[in-house]
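Enquirer: Below are the sequence and a predicted model; questions follow.
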Amino acid sequence: MSFPTLVFFLCLITSVICMALLLRGWWRTGTRLLFWSALCFVFLALNNLFVVFDLVLFPTIDFLPLRYLSSLAAISVLLWGFIWEAD
């Protein structure tokens, strides 16, 4: 396993762990900003999954549009959550 491949997998694992911790915190406290952050990390984990697919598993298939869409969704959800929660 090459170093870039290891980094891609570690980024995927890290974003999934962050998503799980944020969701657990939201379930325990009910704080809506935790929900929006967890939803952002859902899309970031999906983005990292597409990076692994694109650069490691299926290098002949172009996943770049899906990577762009998932990162746009992550930022949009987090921005929406910040605006929604600003009272």
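Expert: The structure has been received and is ready for your questions.

Enquirer: burial count for residue 56?
Expert: Applying other Cβ atoms under 10 Å, we find 14 residues neighbouring residue 56. (Each C-beta comes from the backbone N, C-alpha and C, glycine too.)

Enquirer: give me the number of residues near the closest residue to it other than its chain neighbours?
Expert: Take residue 56 and drop its neighbours on the chain: the residue closest to it by Cβ to Cβ, 6 or more residues apart in numbering is residue 5, 5.2 Å away. Using other Cβ under 10 Å, residue 5 has 13 other residues around it.

Enquirer: Tell me how far the longest helix along the chain lies from the chain's centre.
Expert: Identified as the longest helix of the chain according to DSSP state H is helix 3-29. From the chain centre to the centre of helix 3-29 is a distance of 8 Å (Cα atoms, centre = their mean, to the nearest Å).

Enquirer: for it, what is the average pLDDT?
Expert: The pLDDT scores in helix 3-29 average 93.

Enquirer: helices or strands next to it in the packing?
Expert: helix 32-52 (3 or more Cβ pairs under 8 Å, 6 or more residues apart in numbering; DSSP states H and E).
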